[in-house]
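K.L.:
Got a sequence here, can you model it:
(2 chains)
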Amino acid sequence: MRRVAIVGAGMTYFRSMLPQTPAEMCFEACRKCLDDCGLSVKDVDAVVVGSAPDAFDGYHNKGQAVVEAVGGLGRPFSRIFVGGGTGVGVAVAGWWHVASGVFNHVLVVAWEKMSSPYPHAQTLFQTIFDPVLEQPLRPNLIWIFALEMRRYMEAHAITKELIAEVAVKNKANALDHPYAQLGAKITVDDVLKSPILVWPVNRLDISPTSDGAVALLLASEKEARKITDTPVWIDGVGACLDSQYWTNRDLSYPYYLYLAAQQAYKMAGITNPLKEIDVYEPYDPFTYKELHHLDGLLGKPGLAPKLLAEGQLARDGSYPTCPSGGLLGVGNPIAAAGLMKVAELYWQLSGRAGRRQVPNPYVGVAQAWGDLMQVAQVVVCRV
Amino acid sequence: MFKVVVVGVGEIPCSPRHAGMDFRELLYQAAKEAYRDAGIKSDDVDAVIASGLDFLDGVSITDSYTPDQVGGRLKFNTLVSGDALNAFIHGCMLVATGMHEIVAITAHSKQSDIINYHEILINQLNPHTIRPLFPHPHVIAGLDAAAYLDRMGADPQVLSHVAVKNMENALENPVAAYPAKVGVDEIERAEIVAAPVKSGHVARLCDYAAVVVVARDGSRRISGNPIYVGGFGYGVGSSSMELSLRNWGEAGWVKPARRMLMDMVGGIDADLVEISEPYAHTELMTLSQLEVTDEKPHKMLLDGELGRSGILPVNVSGGCLGMGYPPNAAGLQRLVQAVKLLRKEGWETALVASPENELADAGSLVYLTVEV
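P.N.:
Residues are numbered from 1 along each chain as shown, chains lettered A, B, ... in the order given. Here you go, the predicted model:
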């Protein structure tokens, strides 16, 4: 298996209504990424893009809508998607392009344009549900996440006050992210007093709908060492998809994520993630999801809330979690948000995270999640 | 890089409509056959690469509907959008990394549930400059066909010869939906859908599902009759959303895909070729740019050299004109036919080509061999 490195990254602002089209956002992210590693599109062997529902952009087979913008004309080009897991999933796909020995330089791009759907992206989310069993009930994503949050709180006796601290932490972290949408100094009280959307989910428990794009350049070991002195290695990848029938499983623990993480750790030679990982970027579209996912990444149900309560998930804590600001702070253009987390590992591990920098990180893990609460994609990076 | 072999193929018969079954049930049947063919159980599959598109399935993030019916639950999964032959290539790359030993690739078409297929297709085009014109995909195909025939100096009647050949080939394929013994005159008398394309030149849609199992060469967990994946390539030619930027009459995607394939295999010596052809001219247009022959494809066709016993048999399976065109699954449909033909008919190498769909100038190539 060839070793694969991240050698460049670029992203657009994450905003609620960016004026750019999906193609323009992707072009900007790609240009910044290629500038970051001093390459041009001519150096790219293949492009793999990720974006979630076609309906957001109003295109059938929407990968074709960004081909020119990402330099895909005249070269191998593919699109993958696994719902909300797409952002890290596309990095995993980029990994196998290079690790297989087929390509040496692969441009990995993710985007989402959530401001186009009218009246709101939530309307389109109804179309992810089973058209026979679930859609007639006119479900809403926030409803089912409220069920999961309630179950998680019950299983580990977690208070709303504690969960609210995730929003406080991540939005504060995002103040140091130059592309963030919702960096802010807020309090636990602000979260608890924000409107209840579906109990126990308050408005400030939820990441925003966003537009944005992110690009990474992946390279084989030989090529990476020519491009940069600070490559960040993708030393482990994992993916797992549970049943589409979400009603049939215990929502208190993301077992599918545990399995995906174990795949990645095995590949990276990690046996004790709590001791060996220095920076965590779990997927946090909702406050409780950061904790829920961290439980899965650590393989210890109920541990993450305890670490949060002890202040250990802070940027200067023992287990810095979402130092980027996460989706709650940076924003949540679905696929791009996941790839932003991998980009954050690249910036953190190469010592270029600026004011967000975690002290001396050596190993990091990023994760994304989606579909009907059933998919996990994991990447372990190392300097 | 690990060598990759195809160890199992499964499909359900092509049909204008599989009533009473949704795409998950179609896939279940195909997976059962593929795993039986590979001599494995679903538990042996390490990873699943699905192929699918939201608008064709009538749901968003259609990947979430994949794992249950193919034994993919709680395993490594992803979905590659666009034609299924591209998903197959990703499955091969995943095996080549060494991370997974046995990977299943899935594709399905339940077009009979779609009431506005052509309307969906044009949603691939630019919403500002093209869609307001509401062009029917057949019109775009007609422009492509006319440009190709003009470039080749070919008579439009060659399109009917393609249709006759493929539908007749399909008579020997038990899973074909539209086998027929017809004459060129009969096709020529058919109504024009967009000159020079006539209704007989358009592959009729079909319901279909296929699952292909690929594995690391030498895997002890498999049995049976492996076919080697000699190489693959894929690429994009011109913009698929802007008609003004299109190179009419050319399958521009073949050039980068072929370049990639040639880098892997050095040379192509195909005993047979399987090409997804939503339209009759797609077969000739693609073949002309594969450069597997010095002669113009339409001349070879008229000389009978693309027939079952010709120099370069093309779409011996019946192609999409004879079997039916399963949207998004045509590439895997062709690959399954190529594997079956290599196993049964004594041919040693096959080239499989599949454009992404009727409108996209993108596609994939796979080269299969019986021996290493």
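
K.L.:
residues in contact with the residue nearest the centre of chain B?
P.N.:
Centroid-nearest residue in chain B, with CA atoms, centre = their mean: B:Gly331, separated by 2.2 Å. B:Gly331 is in contact with B:83-86, B:88, B:107, B:276, B:352, B:354, B:363-364, counting by CB atoms under 8 Å, 6 or more residues apart in numbering or on different chains. Every C-beta, even on glycine, is put in place using the N, C-alpha and C of the backbone.

K.L.:
will you turn the residues you listed into JSON lines that also has pLDDT?
P.N.:
Putting the contacts of B:Gly331 into JSON lines (pLDDT from 0 to 100) gives the following:
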{"residue": "B:Asp83", "pLDDT": "96"}
{"residue": "B:Ala84", "pLDDT": "98"}
{"residue": "B:Leu85", "pLDDT": "98"}
{"residue": "B:Asn86", "pLDDT": "98"}
{"residue": "B:Phe88", "pLDDT": "98"}
{"residue": "B:Ala107", "pLDDT": "98"}
{"residue": "B:Ser276", "pLDDT": "98"}
{"residue": "B:Val352", "pLDDT": "98"}
{"residue": "B:Ser354", "pLDDT": "98"}
{"residue": "B:Gly363", "pLDDT": "98"}
{"residue": "B:Ser364", "pLDDT": "98"}
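
K.L.:
Quick check: residues of the stretch 101-250 of chain A near chain B?
P.N.:
Counting by CB under 8 Å from any CB of the partner chain, the residues of the stretch 101-250 of chain A close to chain B are A:101-102, A:124-125, A:127-131, A:237-245.

K.L.:
Just the ones of those in helices?
P.N.:
A:124-125 (DSSP state H).

K.L.:
I'd like to know which of the residues of the stretch 101-250 of chain A next to chain B are buried.
P.N.:
A:101-102, A:124-125, A:127-130, A:237-244 (16 or more other CB atoms under 10 Å in any protein chain shown).

K.L.:
so what does whichever strand or helix holds B:Asp150 touch, helix or strand wise?
P.N.:
In the assignment (DSSP states H and E), B:Asp150 maps to helix B:137-152. In terms of contacts (3 or more CB pairs under 8 Å, 6 or more residues apart in numbering or on different chains; DSSP states H and E), helix B:137-152 is packed against helix B:117-122, helix B:157-169, strand B:192-194, strand B:197-198, helix B:280-290.

K.L.:
make it 10 Å
P.N.:
helix B:117-122, helix B:157-169, strand B:192-194, strand B:197-198, helix B:280-290, helix B:297-302 (3 or more CB pairs under 10 Å, 6 or more residues apart in numbering or on different chains; DSSP states H and E).

K.L.:
so it versus helix B:157-169, what angle?
P.N.:
Here helix B:137-152 runs at an angle of 110 degrees relative to helix B:157-169 (axes from the mean of the first three to the mean of the last three CA atoms, to 10 degrees).

K.L.:
can you tell me the average pLDDT over helix B:137-152?
P.N.:
For helix B:137-152, mean pLDDT is 97.

K.L.:
ok, which stretches of the stretch 151-300 of chain A are strands?
P.N.:
A:196-198, A:201-202, A:211-220, A:232-241, A:279-281 (DSSP state E, counting those that start in this stretch).

K.L.:
and if you look at chain B?
P.N.:
For chain B, the strands defined by DSSP state E occupy B:4-11, B:47-51, B:76-80, B:102-109, B:192-194, B:197-198, B:208-216, B:227-236, B:272-275, B:349-355, B:362-369.

K.L.:
returning to what we had before: turn the strands of the stretch 151-300 of chain A into TSV, columns for mean pLDDT and distance to B:Tyr28.
P.N.:
Shown next, in TSV, are the strands of the stretch 151-300 of chain A (pLDDT from 0 to 100; distance: least, CB to CB, whole Å):
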stretch	mean pLDDT	distance to B:Tyr28
strand A:196-198	96	35
strand A:201-202	98	36
strand A:211-220	98	36
strand A:232-241	98	16
strand A:279-281	98	37
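
K.L.:
For the stretch 151-300 of chain B, which residues are neighbours of chain A?
P.N.:
Within the stretch 151-300 of chain B, the positions near chain A by CB under 10 Å from any CB of the partner chain are B:231-242, B:245, B:252-253, B:255-257, B:259-260, B:263-264.

K.L.:
circling back to that earlier point, return the closest of the contacts of B:Gly331 with respect to chain A.
P.N.:
Using CB to the nearest CB, B:Asn86 comes nearest to chain A of the contacts of B:Gly331, at 5.7 Å.

K.L.:
If we ignore the residues flanking it in sequence, what's nearest that closest one?
P.N.:
B:Ser364 (4.7 Å; CB to CB, 6 or more residues apart in numbering or on different chains).

K.L.:
That neighbour reaches B:Gly82, doesn't it?
P.N.:
Yes: B:Ser364 is in contact with B:Gly82 according to CB atoms under 10 Å; the separation is 8.5 Å.

K.L.:
Mutual contacts of the two, please.
P.N.:
Residues touching both B:Ser364 and B:Gly82 (CB atoms under 10 Å, 6 or more residues apart in numbering or on different chains) are A:78, B:234, B:331, B:354-356.

K.L.:
Quick one: the strands in the stretch 1-150 of chain A, in order.
P.N.:
So, for the stretch 1-150 of chain A - with DSSP E, counting those that start in this stretch - the strands run A:4-11, A:46-50, A:77-80, A:105-113.

K.L.:
OK, contacts around the closest residue to chain A within the stretch 251-372 of chain B?
P.N.:
Across the stretch 251-372 of chain B, the shortest distance to chain A (CB to the nearest CB) belongs to B:Pro256, at 5.1 Å. Contacts for B:Pro256 (CB under 10 Å, 6+ apart) come out as A:46, A:72-77, B:233-237, B:362-363.
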